[in-house]
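S.K.: here are the coordinates; sequence isn't available:
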């Protein structure tokens with residue numbers, strides 16, 4: 001029987017815990033969006049009803065302007081130390097971070113700080129100096145701190161937050177941004193996050209992949225994907241494997257357990273994609289997006305094209321430090337069952353390294369080259385070569401001069417007249433109503449004539465161009481002799 005239970009929202013990441021496990025960047029966006037909404041509601045209530053929320057707003061402002069003293073800082077650092085020791089995924093690394101902050105405190109690095117926001121930022125920066133972990137954050141927000149401590153009201157807030165996030169996710173199409181078929185029957189899919197609403201998003205995902213199911217290669221664009229839910233990672237991976245496949249483990253220090261993540265073809269709605277997969281990456285590719293990329297690469301199901309990724313493999317969740325301060329502490333780590341490591345700090349290394357803004361072209365060329373090398377017939381080989389030639393022509397800056405172009409001029413069978421005009425080679429084609437086409441140089445003696453035909457000028461035994469080969473996009477080839 002189908003499980004219709006609603007999934008946890010997009011802010012949930014890497015594991016189910018009694019408290020929300022937060023994918024940091026997505027969580028912060030959701031949190032600040034919610035905060036703006038609540039502030040707007042309060043202002044409207046003040047304007048219309050002059051309600052007691054005025055006092056609440058004043059209390060919030062007063063809390064936000066609490067003056068930091070050395071005693072406050074000392075208490076905060078003590079609380080931070082305890083939380084890091086208890087929860088950070090690597091205790092030895094936690095000790096290193098704590099030693100650094102203690103040394104800074106003893107040097108008086110925080111003595112002049114009186115603003116809590118400034119103190120939070122400085123502590124975060126110092127901890128990152130000791131050990132870089134992109135998922136670690138410290139913020140000051142008394143209201144958020146109270147909510148984390150309020151276990152009685154947490155369930156109601158979570159339910160309300162789920163509803164708001166679901167509405168936002170639906171409006172955002174679960175971060176699916178673009179889907180199209182490129183020249184050469186190559187699919188392209190862009191999505192910028194892994195939503196936590198797996199069941200709700202599944203029809204959208206299946207529809208997207210079904211649209212692309214007849215393509216001969218698929219490019220998945222992760223260049224602006226900053227992560228999200230590991231459950232969604234597994235859901236999307238399930239469309240690419242005909243059998244259950246083990247792609248990642250989450251080692252959870254907080255709960256003392258390891259969760260295995262397997263693909264499941266039963267979740268793919270009967271759609272298993274077999275075409276070559278190419279994943280585009282950049283430095284902004286992060287967290288769950290790296291989970292997807294690394295897992296697909298580790299079992300050789302995808303070729304990675306682009307830049308080395310950001311390097312974040314540690315899911316984090318919020319811990320109250322008291323006095324209005326919150327730390328987002330990584331409490332778990334990924335562990336690939338094949339490489340026996342993860343991408344934390346190193347990022348995912350691309351198979352085809354190239355600047356992010358050149359990744360689509362590089363992936364297209366790689367797909368077409370693979371197709372050419374594996375083609376089983378001359379027609380398929382010519383078709384793949386045609387697409388490669390078109391790409392090269394669009395990228396080249398080589399332009400032949402008028403003198404060399406003039407050697408191609410003349411009239412060929414069917415009424416194709418080639419001539420030079422203002423340093424360009426043109427063709428007037430009587431077979432299509434005397435339409436005029438400007439040719440685009442590819443290489444050697446080969447040019448693009450139009451969207452369906454490339455022409456190659458062929459020399460005779462005397463070294464003169466006496467015929468042309470017409471290479472068609474579908475792999476056909478025809479010859480025409482020069483008549484004058």
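M.R.: Done, it's in. Source: prediction; values computed, not measured. Numbering: from 1, shown residues only.

S.K.: Show me the domain layout of the protein.
M.R.: As given by automatic domain parsing, the domain ranges for the chain are 1-374, 397-481.

S.K.: what's the spacing between the last one and its chain's center?
M.R.: The one in question is domain 397-481. Put simply, domain 397-481 sits 42 Å off its chain's centre (CA atoms, centre = their mean, to the nearest Å).

S.K.: I'd like the mean pLDDT over that domain, please.
M.R.: Averaging the model's pLDDT scores along domain 397-481 yields 91.

S.K.: ranges for the helices of the protein?
M.R.: For the chain, the helices identified by DSSP state H occupy 24-49, 53-64, 70-87, 91-106, 116-130, 142-149, 151-171, 198-211, 230-237, 288-298, 359-374, 378-395, 402-405, in order along the chain.

S.K.: would you turn the ones you listed into JSON lines with mean neighbour count and distance to residue 253?
M.R.: (C-beta placed from N, C-alpha, C; glycine too.) Listed next are the helices of the chain as JSON lines, based on neighbours: other CB atoms under 10 Å; distance: least, CB to CB, whole Å:
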{"stretch": "helix 24-49", "mean neighbour count": "15", "distance to residue 253": "17"}
{"stretch": "helix 53-64", "mean neighbour count": "13", "distance to residue 253": "32"}
{"stretch": "helix 70-87", "mean neighbour count": "16", "distance to residue 253": "7"}
{"stretch": "helix 91-106", "mean neighbour count": "15", "distance to residue 253": "8"}
{"stretch": "helix 116-130", "mean neighbour count": "18", "distance to residue 253": "18"}
{"stretch": "helix 142-149", "mean neighbour count": "16", "distance to residue 253": "19"}
{"stretch": "helix 151-171", "mean neighbour count": "13", "distance to residue 253": "22"}
{"stretch": "helix 198-211", "mean neighbour count": "18", "distance to residue 253": "25"}
{"stretch": "helix 230-237", "mean neighbour count": "25", "distance to residue 253": "16"}
{"stretch": "helix 288-298", "mean neighbour count": "26", "distance to residue 253": "18"}
{"stretch": "helix 359-374", "mean neighbour count": "19", "distance to residue 253": "35"}
{"stretch": "helix 378-395", "mean neighbour count": "17", "distance to residue 253": "48"}
{"stretch": "helix 402-405", "mean neighbour count": "13", "distance to residue 253": "69"}
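
S.K.: can you list those in JSON lines and add distance to residue 188?
M.R.: Formatted as JSON lines, the entries for these read as follows, by distance: least, CB to CB, whole Å:
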{"stretch": "helix 24-49", "distance to residue 188": "24"}
{"stretch": "helix 53-64", "distance to residue 188": "46"}
{"stretch": "helix 70-87", "distance to residue 188": "41"}
{"stretch": "helix 91-106", "distance to residue 188": "40"}
{"stretch": "helix 116-130", "distance to residue 188": "36"}
{"stretch": "helix 142-149", "distance to residue 188": "39"}
{"stretch": "helix 151-171", "distance to residue 188": "22"}
{"stretch": "helix 198-211", "distance to residue 188": "11"}
{"stretch": "helix 230-237", "distance to residue 188": "15"}
{"stretch": "helix 288-298", "distance to residue 188": "16"}
{"stretch": "helix 359-374", "distance to residue 188": "8"}
{"stretch": "helix 378-395", "distance to residue 188": "15"}
{"stretch": "helix 402-405", "distance to residue 188": "35"}
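
S.K.: And the ones you listed: which comes nearest residue 323?
M.R.: Using CB to CB as the measure, helix 70-87 is the one of these that comes nearest residue 323, at 6.2 Å.

S.K.: before we move on, back to that, among the helices of the chain, which comes closest to residue 319?
M.R.: For residue 319, the closest of the helices of the chain is helix 70-87, at 4.8 Å, according to CB to CB.

S.K.: Remind me what that closest one packs against, helices and strands.
M.R.: When contacts are defined as 3 or more CB pairs under 8 Å, 6 or more residues apart in numbering; DSSP states H and E, helix 70-87 packs onto helix 91-106, helix 116-130, strand 316-322, strand 325-330.

S.K.: got the angle for it vs strand 316-322?
M.R.: Computed by axes from the mean of the first three to the mean of the last three CA atoms, to 10 degrees, the angle separating helix 70-87 from strand 316-322 equals 140 degrees.

S.K.: quick one: contacts of helix 70-87?
M.R.: Under the criterion CB atoms under 8 Å, 6 or more residues apart in numbering, residues 66, 91, 94-95, 97-98, 101-102, 105, 110-111, 113, 119, 123, 138, 253-254, 319, 321-323, 325, 327, 329, 331 lie in contact with helix 70-87.

S.K.: pLDDT below threshold where in the stretch 251-400 of the chain?
M.R.: Counting by pLDDT under 70, the stretch 251-400 of the chain contains low-confidence residues at 396-400.

S.K.: switch the cut-off to 50
M.R.: Across the stretch 251-400 of the chain, no stretch falls below the confidence threshold (pLDDT under 50).

S.K.: Take the helices and strands packed on helix 70-87 and lay them out in JSON lines including distance to residue 290.
M.R.: Formatted as JSON lines, those follow (distance: least, CB to CB, whole Å):
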{"stretch": "helix 91-106", "distance to residue 290": "19"}
{"stretch": "helix 116-130", "distance to residue 290": "19"}
{"stretch": "strand 316-322", "distance to residue 290": "15"}
{"stretch": "strand 325-330", "distance to residue 290": "14"}
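
S.K.: so which of the ones you listed gets nearest residue 297?
M.R.: That would be strand 325-330 among those, by CB to CB, at 22.6 Å.

S.K.: Residues touching the closest one, excluding its own?
M.R.: Taking CB under 8 Å, 6+ apart as the criterion, the residues outside strand 325-330 that touch it are 22, 24, 27, 76, 79-80, 83-84, 87-89, 116, 120, 133, 135-141, 144-145, 148, 314-321.
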